[in-house]
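Q: Sharing a sequence plus its predicted fold:
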Amino acid sequence: MKLNLNAILAPFLPAMAVLVVSAPAAGSGDIVVAAQETTAVVSPRPAGLKLVNLPVLEFGLRAAFRCKGEPVSVTLSVADTHATVRQEKLAEKRSAEAKLQVPPRQLALAASTRFCVADDPETSNELLVAGLATAHASVRCAGEAGESVHFASAPLQVRLICGREPDADQVPSDER
């Protein structure tokens, strides 16, 4: 799956514009995190099994931040998977991004009795799971007043697509 990291923040641009342009409050920094919806293909499961086994999920994350002073690091994470962008790569920047590949054992299983059941063409081939996981971001800032750390989080959406055979649900032409 190819992620368009430039499109990640589109729904958040008005809020981020306020974050970057507004005068700093009493604090010494701020951060906002956003992510695109992630799509994953799953195999049909046996009838009676309510939980959907997830594959490795790739999340494209972007954080916009503001520091009084200089950013020391930005850390982006989902579950136990994280990436840290260090000071050298943050010079003159106000955002950081990362792609995280999260193993299935780090996420809760999705539950649905009406999605992607083998031998049941009446079950749905697509399931949107809002809030399956949460993206977290932190920025460490250093300035004349010392160091500070700021945090943000956002729920992640995952769209599951059933990997049925393309013609599996169609009636063969000689049976019509």
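A: Now that the structure is in, tell me what you want to look at.

Q: which stretches of this protein aren't confidently modelled?
A: Within the chain, the ranges that satisfy pLDDT under 70 run 1-28, 166-176.

Q: please redo it, this time with the cut-off set to 80
A: 1-29, 165-176 (pLDDT under 80).

Q: can you map out the helices along it?
A: Residue ranges of the helices in the chain, as given by DSSP state H, are 13-21, 87-90.

Q: Residue 30 and residue 71 touch, don't they?
A: No - if you go by Cβ atoms under 8 Å, residue 30 and residue 71 don't touch, sitting 11.4 Å apart. Where C-beta positions appear, they are placed from N, C-alpha and C, glycine not excepted.

Q: Leaving out sequence neighbours, find the closest residue to residue 108.
A: In space, and not counting its chain neighbours, residue 108 is closest to residue 132: 7.0 Å by Cβ to Cβ, 6 or more residues apart in numbering.

Q: What about residue 148, how many residues nearby?
A: Using other Cβ atoms under 10 Å, residue 148 is surrounded by 17 other residues.

Q: Report whether the expected contact of it with residue 140 is present.
A: Yes - here residue 148 reaches residue 140: they are 7.5 Å apart, a contact under Cβ under 8 Å.

Q: so what's residue 83 bridging to?
A: Judged by DSSP bridges, the bridge partners of residue 83 are residue 76.

Q: ok, now which ones touch it?
A: 75-77, 98, 100 (Cβ atoms under 8 Å, 6 or more residues apart in numbering).

Q: Most neighbours of all those residues, which one?
A: Within the contacts of residue 83, most neighbours by other Cβ under 10 Å means residue 76, with 25 neighbours.

Q: For residue 55, see how far away it is.
A: Relative to residue 55, residue 76 is positioned 21 Å away (Cβ to Cβ, to the nearest Å).

Q: what do you get for residue 151?
A: On the measure of Cβ to Cβ, residue 151 and residue 55 end up 29 Å apart.

Q: and if you look at residue 42?
A: 7 Å.

Q: What of residue 77?
A: 19 Å.

Q: Over to residue 74?
A: 27 Å.

Q: Likewise for residue 113?
A: According to Cβ to Cβ, residue 113 stands 20 Å off from residue 55.

Q: Which one's more surrounded, these two?
A: residue 55 (13 against 10).
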